[in-house]
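1. prediction below, plus the sequence it came from.
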Amino acid sequence: VNVYYYMMRENLPVSIEGAVVAACTCMQLSNFDTALEILESRERSSQYCGKDLLEIGVDASVRLGRIQRAQEHLKTMLERQMEPSARTYSVLLDAHIKQRDFAGLWKILSKVLRKSTPQELSYHTLVKEYIRDGLLGEARATIMEMVSRGVKPERTPIDNLIESYSTSLSLAKDANAQALSEGPTPNAL
(Lines give C-alpha, C1' and ligand atoms only; values in the text may rest on other atoms or scores of the structure.)
Protein backbone atom coordinates (compact mmCIF):
# COMPACT_ATOMS: atom_id res chain seq x y z
CA VAL A 1 0.00 0.00 0.00
CA ASN A 2 2.86 2.35 0.84
CA VAL A 3 4.48 1.57 -2.51
CA TYR A 4 1.19 2.34 -4.25
CA TYR A 5 0.96 5.75 -2.57
CA TYR A 6 4.62 6.47 -3.26
CA MET A 7 4.08 5.76 -6.96
CA MET A 8 0.96 7.93 -7.05
CA ARG A 9 2.73 10.81 -5.25
CA GLU A 10 5.63 10.65 -7.69
CA ASN A 11 3.23 10.47 -10.67
CA LEU A 12 4.59 7.07 -11.64
CA PRO A 13 2.26 4.81 -13.58
CA VAL A 14 0.38 2.28 -11.47
CA SER A 15 -1.20 -0.66 -13.23
CA ILE A 16 -4.79 -1.62 -12.53
CA GLU A 17 -3.42 -4.89 -11.15
CA GLY A 18 -1.24 -2.97 -8.67
CA ALA A 19 -4.23 -0.91 -7.58
CA VAL A 20 -6.35 -4.05 -7.08
CA VAL A 21 -3.61 -5.73 -5.03
CA ALA A 22 -3.23 -2.63 -2.85
CA ALA A 23 -7.01 -2.32 -2.37
CA CYS A 24 -7.35 -6.06 -1.57
CA THR A 25 -4.59 -5.75 1.01
CA CYS A 26 -6.41 -2.82 2.61
CA MET A 27 -9.64 -4.82 2.74
CA GLN A 28 -7.86 -7.75 4.43
CA LEU A 29 -6.47 -5.32 7.01
CA SER A 30 -9.96 -3.83 7.53
CA ASN A 31 -8.65 -0.51 6.23
CA PHE A 32 -11.79 0.19 4.20
CA ASP A 33 -11.22 3.95 3.92
CA THR A 34 -7.87 3.41 2.21
CA ALA A 35 -9.28 0.74 -0.12
CA LEU A 36 -11.99 3.19 -1.15
CA GLU A 37 -9.45 5.99 -1.55
CA ILE A 38 -7.43 3.85 -3.98
CA LEU A 39 -10.48 3.50 -6.21
CA GLU A 40 -11.55 7.12 -5.88
CA SER A 41 -8.04 8.48 -6.53
CA ARG A 42 -7.97 6.52 -9.79
CA GLU A 43 -11.42 7.85 -10.71
CA ARG A 44 -10.36 11.45 -9.97
CA SER A 45 -7.31 11.09 -12.18
CA SER A 46 -9.38 9.44 -14.95
CA GLN A 47 -7.42 6.19 -14.69
CA TYR A 48 -9.06 2.90 -15.58
CA CYS A 49 -11.00 1.27 -12.76
CA GLY A 50 -11.85 -2.30 -13.67
CA LYS A 51 -14.57 -4.57 -12.36
CA ASP A 52 -12.45 -5.94 -9.51
CA LEU A 53 -11.59 -2.50 -8.19
CA LEU A 54 -15.20 -1.30 -8.48
CA GLU A 55 -16.42 -4.39 -6.61
CA ILE A 56 -13.90 -3.64 -3.87
CA GLY A 57 -15.35 -0.13 -3.83
CA VAL A 58 -18.86 -1.53 -3.33
CA ASP A 59 -17.69 -3.75 -0.47
CA ALA A 60 -15.62 -1.02 1.22
CA SER A 61 -18.45 1.51 0.91
CA VAL A 62 -20.95 -0.89 2.49
CA ARG A 63 -18.58 -1.70 5.34
CA LEU A 64 -18.21 2.02 5.98
CA GLY A 65 -22.00 2.45 5.95
CA ARG A 66 -21.95 4.44 2.72
CA ILE A 67 -24.70 2.55 0.92
CA GLN A 68 -25.41 5.36 -1.56
CA ARG A 69 -21.74 5.40 -2.58
CA ALA A 70 -21.80 1.61 -2.99
CA GLN A 71 -24.79 1.95 -5.31
CA GLU A 72 -22.92 4.57 -7.33
CA HIS A 73 -20.08 2.08 -7.85
CA LEU A 74 -22.63 -0.54 -8.93
CA LYS A 75 -24.17 1.96 -11.34
CA THR A 76 -20.73 2.71 -12.80
CA MET A 77 -20.17 -1.01 -13.36
CA LEU A 78 -23.50 -1.43 -15.11
CA GLU A 79 -22.96 1.67 -17.27
CA ARG A 80 -19.60 0.24 -18.36
CA GLN A 81 -21.24 -3.08 -19.25
CA MET A 82 -19.43 -4.90 -16.42
CA GLU A 83 -21.36 -7.78 -14.89
CA PRO A 84 -21.25 -7.54 -11.07
CA SER A 85 -20.59 -10.78 -9.25
CA ALA A 86 -23.20 -12.53 -7.13
CA ARG A 87 -21.11 -11.55 -4.10
CA THR A 88 -21.39 -7.84 -4.98
CA TYR A 89 -25.16 -8.09 -5.24
CA SER A 90 -25.25 -10.10 -2.02
CA VAL A 91 -23.23 -7.43 -0.16
CA LEU A 92 -25.71 -4.75 -1.27
CA LEU A 93 -28.78 -6.86 -0.51
CA ASP A 94 -27.45 -7.60 2.96
CA ALA A 95 -26.76 -3.89 3.58
CA HIS A 96 -30.35 -2.97 2.66
CA ILE A 97 -31.75 -5.75 4.84
CA LYS A 98 -29.72 -4.58 7.83
CA GLN A 99 -31.02 -1.03 7.32
CA ARG A 100 -34.61 -2.32 6.87
CA ASP A 101 -34.60 -0.49 3.52
CA PHE A 102 -36.98 -2.64 1.49
CA ALA A 103 -37.32 -0.10 -1.31
CA GLY A 104 -33.54 -0.13 -1.83
CA LEU A 105 -33.55 -3.89 -1.48
CA TRP A 106 -36.11 -4.27 -4.27
CA LYS A 107 -34.15 -1.83 -6.44
CA ILE A 108 -31.04 -4.03 -6.18
CA LEU A 109 -33.03 -7.25 -6.47
CA SER A 110 -34.75 -5.97 -9.63
CA LYS A 111 -31.29 -5.48 -11.20
CA VAL A 112 -30.45 -9.07 -10.32
CA LEU A 113 -33.78 -10.32 -11.71
CA ARG A 114 -33.15 -8.64 -15.07
CA LYS A 115 -29.91 -10.53 -15.50
CA SER A 116 -30.53 -13.90 -13.90
CA THR A 117 -32.52 -15.85 -11.39
CA PRO A 118 -31.38 -14.98 -7.88
CA GLN A 119 -30.39 -17.70 -5.56
CA GLU A 120 -33.07 -19.34 -3.50
CA LEU A 121 -31.30 -18.00 -0.40
CA SER A 122 -31.86 -14.39 -1.53
CA TYR A 123 -35.59 -14.98 -1.80
CA HIS A 124 -35.77 -16.82 1.51
CA THR A 125 -33.87 -14.03 3.26
CA LEU A 126 -36.25 -11.46 1.82
CA VAL A 127 -39.34 -13.49 2.83
CA LYS A 128 -37.97 -13.92 6.37
CA GLU A 129 -37.34 -10.19 6.75
CA TYR A 130 -40.78 -9.27 5.41
CA ILE A 131 -42.44 -11.67 7.85
CA ARG A 132 -40.32 -10.31 10.71
CA ASP A 133 -41.58 -6.80 9.90
CA GLY A 134 -45.18 -7.99 9.60
CA LEU A 135 -45.29 -7.32 5.84
CA LEU A 136 -47.13 -10.53 5.03
CA GLY A 137 -48.46 -9.38 1.65
CA GLU A 138 -44.93 -8.57 0.50
CA ALA A 139 -43.69 -11.94 1.79
CA ARG A 140 -46.43 -13.73 -0.16
CA ALA A 141 -45.69 -11.70 -3.31
CA THR A 142 -42.00 -12.61 -3.01
CA ILE A 143 -42.82 -16.31 -2.78
CA MET A 144 -45.09 -15.98 -5.83
CA GLU A 145 -42.31 -14.17 -7.72
CA MET A 146 -39.93 -16.93 -6.73
CA VAL A 147 -42.25 -19.60 -8.09
CA SER A 148 -42.91 -17.66 -11.32
CA ARG A 149 -39.15 -17.54 -11.94
CA GLY A 150 -38.82 -21.29 -11.51
CA VAL A 151 -37.14 -21.20 -8.11
CA LYS A 152 -38.73 -23.80 -5.87
CA PRO A 153 -39.18 -22.50 -2.32
CA GLU A 154 -38.35 -24.66 0.65
CA ARG A 155 -41.09 -25.49 3.12
CA THR A 156 -39.68 -23.21 5.85
CA PRO A 157 -40.57 -19.80 4.35
CA ILE A 158 -44.00 -21.05 3.32
CA ASP A 159 -44.62 -22.53 6.78
CA ASN A 160 -43.44 -19.30 8.41
CA LEU A 161 -45.81 -17.27 6.23
CA ILE A 162 -48.77 -19.54 7.01
CA GLU A 163 -47.97 -19.37 10.73
CA SER A 164 -47.76 -15.56 10.54
CA TYR A 165 -51.12 -15.33 8.74
CA SER A 166 -52.59 -17.67 11.36
CA THR A 167 -51.20 -15.57 14.23
CA SER A 168 -52.39 -12.39 12.57
CA LEU A 169 -55.87 -13.87 12.09
CA SER A 170 -55.94 -15.10 15.69
CA LEU A 171 -54.99 -11.63 16.97
CA ALA A 172 -57.69 -10.06 14.80
CA LYS A 173 -60.31 -12.51 16.14
CA ASP A 174 -59.25 -11.80 19.75
CA ALA A 175 -59.48 -8.04 19.17
CA ASN A 176 -62.88 -8.45 17.54
CA ALA A 177 -64.15 -10.61 20.42
CA GLN A 178 -62.90 -8.06 22.95
CA ALA A 179 -64.58 -5.23 21.03
CA LEU A 180 -67.87 -7.15 20.90
CA SER A 181 -67.75 -7.92 24.64
CA GLU A 182 -67.13 -4.24 25.49
CA GLY A 183 -70.06 -3.10 23.43
CA PRO A 184 -70.09 0.16 21.47
CA THR A 185 -67.25 2.15 23.03
CA PRO A 186 -65.14 4.89 21.43
CA ASN A 187 -62.25 2.39 21.20
CA ALA A 188 -64.42 -0.25 19.53
CA LEU A 189 -65.75 2.25 17.01
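-> That came in fine, so what should we check first?

2. what sits closest to residue 71 if chain neighbours are left out?
-> residue 92 (7.1 Å; C-beta to C-beta, 6 or more residues apart in numbering). In this view, the C-beta of every residue, glycine as well, is placed from N, C-alpha and C.

3. ok, the one you found - contacts?
-> 58, 62, 67, 70-71, 74, 108 (C-beta atoms under 8 Å, 6 or more residues apart in numbering).

4. check residue 77 too.
-> 51, 54-55, 83-84, 88.

5. just the element for it, please.
-> helix 67-79 (DSSP states H and E).

6. remind me which residues of this structure are low pLDDT?
-> By pLDDT under 70, the weakly predicted segments of the chain are 109-122, 154-155, 157, 170-189.

7. and residue 57, helix, strand or coil?
-> helix (DSSP: H, G, I helix; E, B strand; the rest coil).

8. surely it and residue 71 touch.
-> No - shown here, residue 57 and residue 71 do not form a contact pair, counting by C-beta atoms under 8 Å, at 10.9 Å.

9. those two: who's more crowded?
-> A direct count of neighbours by other C-beta atoms under 10 Å for residue 57 and residue 71 places residue 57 higher, at 28 against 20.

10. tell me how far that one lies from residue 135.
-> 31 Å (C-beta to C-beta, to the nearest Å).

11. residue 61 too?
-> Separation of residue 61 from residue 135 (C-beta to C-beta): 27 Å.

12. cool, residue 83 as well?
-> For residue 83 relative to residue 135 (C-beta to C-beta), the value is 31 Å.

13. same check on residue 16?
-> 43 Å.

14. all helices of this protein, in order?
-> In the chain, the segments counted as helices under DSSP state H are 2-9, 16-28, 32-44, 51-63, 67-79, 86-98, 102-115, 120-132, 136-148, 155-182.

15. thanks again, I'm all set now.
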